[in-house]
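> No letters, just coordinates:
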DNA sequence: GACGAATATACCTTGACAGGAATATAACCA
DNA sequence: TGGTTATATTCCTGTCAAGGTATATTCGTC
């Protein structure tokens, strides 16, 4: 059994998961939206399905794939102790929030830039 | 530049990160605790360092490695929309909280064991 | 039941990466 | 300087996974 980490390590698979976030999709849709070959999409979906990230239902000749939360929750749980870690490191957290602010609104007094 | 996901896809690297959670460590310590060969540890540390997961300081002949939060935060951010997704799926969430409960308080009637 | 659309699978090739063994580098000590 | 400890790097090898092409399967339509 492959670790969930290995599964999401593949960029195209992450893209597929991202797509499924908004709604279920057929193989063809995924193929077109991500500009991947059909076999490639099918293979990735297989991996994702076997790892529990997605499930499929049959609708006419199409297979509609949708997200399943469990494996992603597992990743989230692994991160948990690290979240505790970095909330202790307030300065790092600050820098992080800073970046977030930048993106969202402020002109950010000074850029953190490899200083 | 390698994706943070690819970095943590490797089990030994995750183990190293886990170790560093409690405190900084020398290469030798990691080597012994994880029962890995010294070159293997050095190589993984190199990957982790280049990806920003760890940093090292020099203490006599030892290199002491410690955690850096940023790349892990990045993973966490990627998970964010999925968290929103699964908090909508209440049933799945329930099952999840259920398991958590088990772990935390219940007399642990039966261990979760491949049931 | 033949055809076409949608998807899955098989097979092959290639590249990336992890591990091992040997060796190099760096710092400390005598 | 030479030796010793701690770590890094190099080279080699095997494995594994992703992508491409071709083919199989499944279902619906006529």
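Here it is on my side, so go on. Since the model is a prediction, treat every value here as computed from it, not as a measurement. Numbers count the residues shown, from 1 in each chain, chains lettered A, B, ... in the order given.

> So for residue A:5, what's the pLDDT?
Per-residue confidence for residue A:5 comes out at a pLDDT of 96.

> correction: residue A:61
pLDDT at residue A:61 comes out at 87.

> repeat for residue A:88
The per-residue pLDDT reported for residue A:88 equals 77.

> what about the helices in chain A?
Taking DSSP state H to define them, one finds helices in chain A at A:4-8, A:11-22, A:27-34, A:38-50, A:70-88, A:90-104.

> Any stretches of chain A with poor pLDDT?
Confidence mapping of chain A against pLDDT under 70 gives the ranges A:1, A:90-96, A:101-115.

> Please name the nearest non-neighbouring residue to residue A:79.
Leaving out its chain neighbours, the residue that sits closest to residue A:79 by C-beta to C-beta, 6 or more residues apart in numbering or on different chains is residue B:76, at 5.5 Å. Using the backbone N, CA and C atoms, a C-beta is placed for each residue, glycine as well.

> Any idea how many residues pack against that neighbour?
Residue B:76 has 18 neighbours, counted by other C-beta atoms under 10 Å in any protein chain shown.

> try residue A:18
Counted with other C-beta under 10 Å, residues neighbouring residue A:18 total 15.

> measure the closest residue to it other than its chain neighbours to DNA strand C for me?
Excluding its sequence neighbours, the residue lying closest to residue A:18 (C-beta to C-beta, 6+ apart) is residue B:81, at 7.8 Å. For residue B:81, the distance to DNA strand C equals 24 Å [C-beta to the nearest atom of the strand, to the nearest Å].

> can you count the residues close to residue A:43?
Per other C-beta under 10 Å, the neighbour tally for residue A:43 reads 14.

> For it, which residues are in contact?
Under the criterion of C-beta atoms under 8 Å, 6 or more residues apart in numbering or on different chains, residue A:43 has no neighbours.
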